[in-house]
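A.B. asks: below are the sequence and a predicted model for it; my questions follow.
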Amino acid sequence: VFQFKTAEFLYLWLFGACTLLAVSLALPGFQLIVLNGPFVFMLLYIWSKHYPTQSVSIMGLFQVQGFYLPWAFLMINMVLGG
């Protein structure tokens, strides 16, 4: 997605990190102590918007298109009790 666009990728990381930090400080009820999960999900969401027709295998069990990948990970997280 950001191949050879280092400045844009760095801006994406900084903007995402600052936004997640602001949300975690403004809304302490969400208890976002460790922000690596939401940060990885943000990167996954951006990737899925750039490659919506890419076929992705999830744990070798089933395949989904890139557009549905964030939703599939949310459902897996809910099923596993997260």
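C.D. replies: All right, it came through fine.
A.B. asks: how about the helices in the protein?
C.D. replies: 6-26, 36-50, 69-79 (DSSP state H).
A.B. asks: apart from its neighbours in sequence, what residue is nearest A72?
C.D. replies: Counting by Cβ to Cβ, 6 or more residues apart in numbering, A72 lies nearest to V64, which is 4.9 Å off, once chain neighbours are set aside. C-beta coordinates here come from the backbone N, C-alpha and C atoms, glycine included.
A.B. asks: number of nearby residues for that neighbour?
C.D. replies: Summarising burial for V64: neighbours were counted as other Cβ atoms under 10 Å, giving 17.
A.B. asks: swap in P52?
C.D. replies: 11.
A.B. asks: kindly report the same for the one 4 residues further on.
C.D. replies: One way to gauge burial is a neighbour count; for V56, by other Cβ under 10 Å, it gives 16.
A.B. asks: give me the beta-bridge partners of it?
C.D. replies: Each beta-bridge partner of V56 is listed here, defined by DSSP bridges: V64.
A.B. asks: i'd like the first residue to be 195 from this point on
C.D. replies: Sure, I'll start counting at 195 from here, so that last one is V250.
A.B. asks: my guess is it meets W265, correct?
C.D. replies: No - counting by Cβ atoms under 8 Å, V250 sits too far from W265 to count as a contact (11.9 Å).
A.B. asks: how many residues are close by V273?
C.D. replies: Counted with other Cβ under 10 Å, residues neighbouring V273 total 8.
A.B. asks: tell me the pLDDT at it?
C.D. replies: V273 is assigned a pLDDT of 92 by the prediction.
A.B. asks: could you redo the helices of the chain as CSV and give each row distance to G254?
C.D. replies: Formatted as CSV, those follow (distance: least, Cβ to Cβ, whole Å):
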stretch, distance to G254
helix 200-220, 29
helix 230-244, 18
helix 263-273, 13
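A.B. asks: nearest residue to the residue nearest the centre of the chain other than its sequence neighbours?
C.D. replies: Closest to where the C-alpha atoms of the chain average out (Cα atoms, centre = their mean) is F235, at 1.6 Å. Among residues not flanking F235 along the chain, P264 sits closest, at 6.7 Å (Cβ to Cβ, 6+ apart).
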